[in-house]
Every structure is written in C-alpha cells, then in structure tokens.
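# everything below, folded, please.
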Amino acid sequence: MAPKDPKQAAAAAAAAAGGGGGFFASIASTLSNFTKSVNGLMGYEGLEVINPEGGTEDAEEEAKKGRWKQEERDGYWKMMQKYIGSDITSMVTLPVIIFEPMTMLQKMAELMEYSYLLDMANECEDPYMRLVYASSFFISVYYAYQRTWKPFNPILGETYEMVNHGGLTFISEQVSHHPPMSAGHAENEHFTYDVTSKLKTKFLGNSVDVYPVGRTRVTLKRDGVVLDLVPPPTKVNNLIFGRTWIDSQGEMVLTNLTTGDKVVLYFQPCGWFGAGRYEVDGYVYNAADEPKILMTGKWNEAMSYQMCDLDGEPLPGTEPKEVWRVADVPKNDKYQYTHFAHKINSFDTAPKRLLASDSRLRPDRMALEKGDLSTSGHEKSSLEERQRAEKRNREAKSHKFTPKWFDLTEEITPTPWGDLEVYQYNGKYTTHRAAIDSSTGVEDPHSRPEFDPWQYDSLHAE
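Residues are numbered from 1 along each chain as shown. Predicted structure coming up:
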C-alpha cells in the first residue's frame with residue numbers, strides 16, 4: 001500500500017469538513033462577489049484583492065491596505081499594465097517605497113541563520129535523519145522569504161561578505177546583469193554550500209509568480225555526501241491593491257545524490273480564510289522510494305519528524321519530535337526583520353578590510369536604512385545609470401565582464417523552469433581573506449571604503 005499523499009489527505013479533510021457541495025458553492029459565490037465588488041470599487045477588472053487572514057473589513061477598506069497612497073497606486077498600475085504576462089526580473093525600474101534596506105546578495109546570506117542544522121546533518125550517522133536536519137534547514141529559509149519588502153537588485157560585480165556566524169564564511173557576487181544572476185559560497189568545518197541563483201518571474205497584474213531557476217548544492221564533509229535542492233515556486237499577492245502577502249506552494253525535493261535517498265515536502269497552498277497557509281508535510285524516502293520518516297510543521301514556525309511504516313503511518317508508540325523552531329523576533333519591526341537579519345545588515349558580521357564592492361556600502365541602501373527615501377531613490381538611480389554607462393563602455397571595448405570569485409562553467413543544469421548556466425566558486429576569496437586575516441596592519445574600525453563594484457575605474461577611460 002502506498003503512503004498517504006499529503007495533498008490527497010488535505011483534500012479529504014476539506015471535503016469532510018464541508019459536508020456537501022452546497023456549503024462550498026455558497027462560499028465560492030461569496031468570494032466571487034467579494035472579488036467583483038473590489039474590482040468594481042477600484043475600477044480595475046481581473047484584479048483579486050484578498051486578505052489571507054480572513055479579515056472582516058469590507059472590500060473597499062481591504063483594497064486600500066498596503067504601503068501605497070491612492071495616487072501612487074493608480075500611477076504605478078497604469079505603468080505596469082503593459083508588463084502583464086512578462087518576466088519583469090530586470091526590465092522594470094521600481095520605486096524605493098517598496099524596498100527594504102538589503103540586497104539580494106544579503107538575502108542569500110540571511111538564509112544561513114539556521115546553518116547549525118547542516119552541522120547536525122554532517123555529524124549524523126543515520127542517513128534518513130541526516131535528511132531531516134538538512135531539509136529542515138531549507139524549510140527555515142522561508143521565514144525570511146515571507147517579508148513583503150523587495151531587496152535591492154545587486155549591481156554587476158557587487159559582493160557580500162559574512163563572517164562571525166558559527167565559524168561560517170560566506171561570499172556572494174552578482175555575476176550577471178541580464179539575466180540577473182548571483183552566485184554564493186558558504187563553508188565551515190562541517191559543510192560547503194554552493195548556489196547559482198536566477199529568478200524567473202511572470203507578472204499577472206496584481207500579483208507575480210516567482211520561479212527559482214537556480215541550483216543549490218550542499219556537500220557534507222564527514223562522508224562527502226552531496227545534497228541537491230529543487231524548491232517550490234512562490235507567489236507575491238496584492239502587489240498594488242490590497243495587503244501584500246507571499247505564499248509558496250508545491251513540492252520541495254531534496255535529494256542525496258550520493259545514495260539516492262530523498263525528502264519530498266509539500267507546501268500547502270493558502271486556502272479560504274488562510275486555511276493551510278504555512279503548512280508543510282511529507283516524507284523522507286530511501287532509494288527504493290519507501291517512506292522512512294514523516295515530517296510535518298509550518299515553515300514560519302517549526303518542523304517535527306516521526307518514524308513511520310511503509311504505508312506512511314507513524315509507528316506505534318512514537319511521538320513527533322521537534323527538529324527546528326524559528327527564533328524569537330523583534331516586536332513591531334518596520335521591515336519584519338529578525339535579529340539575524342539586523343546582523344546581516346550591520347558591520348558586526350563584516351570581516352576586516354571589507355571589499356569595496358560589499359552591499360553594506362551601497363549609498364541607496366544606507367539612505368533607506370536611515371529612512372531617507374528621497375536620497376535613497378536618487379542614489380539608486382545614480383547607481384543604475386552608472387551600471388548602464390559601464391556596460392556601454394565595456395561593449396565599446398568588446399570586453400566581457402568577468403566575476404572575481406566565481407567562474408562560469410560549461411555545465412548547463414536543467415530545472416523545472418528552464419536550463420541554468422552554473423557558476424562555480426574558484427577559491428580565490430579564501431586566499432584573499434586568509435592573507436588579510438594574517439596581516440599585522442592596524443585597522444581603523446570606523447574606516448570603510450566607498451562603494452565600488454565597478455570593473456573600470458573611469459567610465460571614460462579609452
């Protein structure tokens with residue numbers, strides 16, 4: 001008998017709770033009228049404005065939720081209409097009002113908050129518990145993904161360095177501008193973590209689908225085990241009208257490429273009145289696709305595991321055991337930052353003689369952190385214009401941009417959303433950082449370089 005499918009179980013539970021088609025037909029009719037009333041009030045057909053928490057405000061009030069003023073919202077909607085159905089990853093200039101004071105490169109580093117789970121996976125001898133720890137690490141990153149603020153797109157050549165976190169060294173670099181691609185490498189005594197990140201989007205009007213066309217690999221140093229991740233897509237809802245919220249739904253698959261064991265976890269979609277939101281469940285399977293461990297939880301709260309039989313049922317006499325829980329977070333934080341996110345944004349996690357290309361040094365990011373939206377917008381435009389000028393200069397010289405810390409390989413890896421060019425860490429940063437750390441020069445802790453990710457010192461050089 002095959003193990004129970006979490007999706008089928010959820011559907012069965014919903015059917016049992018409904019008690020018949022009349023109830024669901026009534027709810028569907030109510031929601032349809034709700035959507036139409038919002039669209040009629042705002043004057044925009046086809047835009048759905050829903051409060052995922054099932055609030056009781058009327059449609060007009062719910063439609064006004066969010067960070068936009070009425071005139072800004074209307075103007076932005078008129079500008080964005082022409083992009084419906086398109087990939088807007090790098091083709092749209094966005095206002096800083098929707099940004100958080102962090103870049104995508106920093107966001108990549110933020111995913112290392114619960115890296116101790118990978119340490120535990122490396123130390124674990126049980127091959128299935130190893131996957132429990134590793135998959136819980138990859139679930140933990142979704143707590144950072146739920147923030148509705150957009151990180152800054154990195155400038156080509158921009159980097160981010162992180163030290164002072166569990167013996168971990170992290171480096172990321174923007175390796176391509178069109179299409180936008182980032183590469184990252186983290187390492188400590190237990191594991192290496194390598195990622196080539198490329199996002200593909202589809203703008204749908206008041207929402208955008210985000211497809212992670214990337215490759216993430218973890219190598220556990222104890223046995224040389226290699227783990228490969230395929231994450232689910234994400235949807236950002238109510239971009240312009242209503243209360244912005246983010247949801248991920250579908251399967252996350254983590255495969256042990258060395259043994260063939262894998263974890264398949266299903267992210268439940270957000271249903272009516274928030275039902276099922278955040279919930280994750282699934283199994284650890286052996287190479288023969290037999291379930292060994294049942295995993296359940298919420299990606300914004302905690303994950304637990306329980307040994308199971310070949311039918312996917314928990315073994316008699318066992319209880320769920322918690323493997324991960326989200327850390328305490330600051331109250332009423334403007335950007336919904338965790339304590340670790342604030343560390344990522346500070347210089348406390350920065351090494352000596354920070355690279356001038358580091359995201360922390362961006363003037364637009366720093367201005368936004370101080371609450372100066374006007375200066376932030378001006379600096380953002382200035383950086384983007386200089387990036388375009390450097391591209392023109394590079395093309396005029398028939399030069400090709402070359403990343404410093406990552407090399408483009410000949411490998412093309414398939415993903416569910418398209419093929420991906422793979423960048424590989426070249427080891428040069430390790431040598432660079434070791435040389436600086438061993439130097440005896442006196443460093444002024446308050447002295448920081450000016451932001452400089454540019455390949456050319458002068459954009460007008462012949």
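
# mind listing residues that contact the longest helix along the chain?
Criterion DSSP state H: the longest helix present in the chain is helix 373-396. With CB atoms under 8 Å, 6 or more residues apart in numbering as the contact definition, helix 373-396 has outside contacts at 93, 95-97, 99, 152, 155-156, 177, 362-365, 367-368, 400-401, 454-456, 459-461. Where you see a C-beta, it was placed from the backbone N, CA and C, and this is true even at glycine.

# residue ranges with poor pLDDT in the protein?
Across the chain, the stretches falling below the confidence threshold (pLDDT under 70) are 1-48, 50, 54-73, 76-77, 79-83, 86-92, 440-446, 457-462.

# start to end distance for stretch 100-114?
This stretch, stretch 100-114, spans 22 Å end to end (CA to CA, to the nearest Å).

# buried ones in that stretch, by neighbour count?
Within stretch 100-114, the residues that qualify as buried are 100-114, counting by 16 or more other CB atoms under 10 Å.

# other SSEs contacting the lengthiest strand in the chain?
Counting residues, the longest strand in the chain under DSSP state E turns out to be strand 191-203. For strand 191-203, the packing partners by 3 or more CB pairs under 8 Å, 6 or more residues apart in numbering; DSSP states H and E come out as helix 104-110, helix 116-123, strand 181-187, strand 208-212, strand 215-220, strand 418-425.

# how near is Lys202 to Thr196?
Distance check for Lys202 against Thr196: by CB to CB, to the nearest Å, it reads 21 Å.

# what about these two, which has more around it?
Using other CB atoms under 10 Å as the criterion, Lys202 and Thr196 rank with Thr196 on top: 25 against 17.

# show the contacting residues for the more buried one.
Shown in contact with Thr196 (CB under 8 Å, 6+ apart): Met181, Ser182, Ala183, Gly214, Arg215, Leu420, Glu421, Val422, Tyr423.

# okay if I get the helices and strands packed on strand 191-203 as a markdown table plus distance to Val163?
As requested, the helices and strands packed on strand 191-203 are exported to a markdown table (distance: least, CB to CB, whole Å):
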| stretch | distance to Val163 |
| --- | --- |
| helix 104-110 | 11 |
| helix 116-123 | 16 |
| strand 181-187 | 11 |
| strand 208-212 | 27 |
| strand 215-220 | 20 |
| strand 418-425 | 16 |
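
# quick one: closest of the ones you listed to Gly250.
With respect to Gly250, and counting by CB to CB, the nearest of the helices and strands packed on strand 191-203 is strand 208-212 at 10.5 Å.

# list the buried residues for the closest one?
Val208, Val210, Tyr211, Pro212.

# confirm Val280 sits in a strand?
Yes - with DSSP: H, G, I helix; E, B strand; the rest coil as the criterion, Val280 is assigned to a strand.

# measure the residue positioned nearest the centre of the chain to Leu355 for me?
Residue closest to the average C-alpha location in the chain (CA atoms, centre = their mean): Tyr145, at 4.7 Å. Distance check for Tyr145 against Leu355: by CB to CB, it reads 26 Å.

# equivalent analysis for Arg215, please.
Going from Arg215 to Leu355 by CB to CB gives 24 Å.

# tell me where the stretch 251-400 of the chain has strands.
Secondary structure of the stretch 251-400 of the chain by DSSP state E, counting those that start in this stretch: the strands cover 262-267, 279-285, 291-298, 302-307, 321-325.

# mind listing what the last one pairs with, with the direction of each?
Applying DSSP bridges, strand 321-325 is found paired with strand 302-307 (antiparallel).

# got the angle for the partner strand vs strand 291-298?
Between the axes of strand 302-307 and strand 291-298, defined by axes from the mean of the first three to the mean of the last three CA atoms, to 10 degrees, the angle is 160 degrees.

# list the buried residues in strand 302-307.
Neighbour-count burial for strand 302-307 flags Ala302, Met303, Ser304, Tyr305, Met307 (criterion: 16+ other CB under 10 Å).

# next: stretch 324-344.
Residues of stretch 324-344 classed as buried: Trp324, Val326, Tyr335, Gln336, Tyr337, Thr338, Phe340, Ala341, Lys343, Ile344 (neighbour count, 16+ other CB under 10 Å).

# one more: stretch 251-260?
By neighbour count on 16+ other CB under 10 Å, the buried set for stretch 251-260 is Met252, Val253, Leu254, Thr255, Asn256.

# right, and the pair among the residues you listed with maximum separation?
Looking at those by CB to CB, the two members farthest from one another are Met252 and Asn256, with 14.4 Å of separation.

# tell me how many other residues crowd Phe401.
Here the number of neighbours of Phe401 (other CB under 10 Å) works out to 14.

# got it, and Ala288?
The number of residues packed near Ala288 is 7, by other CB under 10 Å.

# any idea how far it is from Asn300?
33 Å.

# then Val323?
When CB to CB is applied, the distance between Val323 and Asn300 equals 15 Å.

# more neighbours: those two, which one.
Neighbours per residue, other CB under 10 Å: of Val323 and Asn300, the larger number sits with Val323, 20 against 16.

# hang on, the more buried one packs against Met303?
Yes - contact status for Val323 versus Met303: in contact at 5.4 Å, counting by CB atoms under 8 Å.

# find residues that contact each of the two.
Once CB under 8 Å, 6+ apart is applied, the residues that Val323 and Met303 both contact turn out to be Ser136.

# starting at the chain centroid, how far to stretch 298-307?
With CA atoms, centre = their mean, to the nearest Å as the basis, stretch 298-307 stands 19 Å off its chain's centre.

# now stretch 229-249
Its chain's average C-alpha position is 11 Å from that of stretch 229-249, according to CA atoms, centre = their mean.

# keeping just the C-alphas, turn that stretch into PDB.
As requested, the backbone C-alpha atoms of stretch 229-249 are provided in PDB (Å, rounded to 0.1, in the frame of the first residue of the first chain):
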ATOM      1  CA  LEU A 229      17.600  21.100  -3.800                       C
ATOM      2  CA  VAL A 230      14.600  21.800  -6.000                       C
ATOM      3  CA  PRO A 231      12.400  24.400  -4.200                       C
ATOM      4  CA  PRO A 232       8.800  25.200  -5.000                       C
ATOM      5  CA  PRO A 233       7.700  28.400  -6.800                       C
ATOM      6  CA  THR A 234       6.500  31.500  -4.800                       C
ATOM      7  CA  LYS A 235       3.600  33.900  -5.500                       C
ATOM      8  CA  VAL A 236       3.600  37.500  -4.300                       C
ATOM      9  CA  ASN A 237      -0.100  38.600  -4.000                       C
ATOM     10  CA  ASN A 238      -1.600  42.100  -3.900                       C
ATOM     11  CA  LEU A 239       1.400  43.900  -5.300                       C
ATOM     12  CA  ILE A 240      -0.500  47.100  -5.900                       C
ATOM     13  CA  PHE A 241      -4.000  46.800  -4.400                       C
ATOM     14  CA  GLY A 242      -4.700  45.400  -1.000                       C
ATOM     15  CA  ARG A 243      -2.500  43.900   1.700                       C
ATOM     16  CA  THR A 244       0.700  42.300   0.100                       C
ATOM     17  CA  TRP A 245       1.300  38.700   1.200                       C
ATOM     18  CA  ILE A 246       3.600  35.900   0.000                       C
ATOM     19  CA  ASP A 247       2.800  32.200  -0.400                       C
ATOM     20  CA  SER A 248       4.800  29.200  -1.600                       C
ATOM     21  CA  GLN A 249       3.000  26.100  -2.700                       C
END
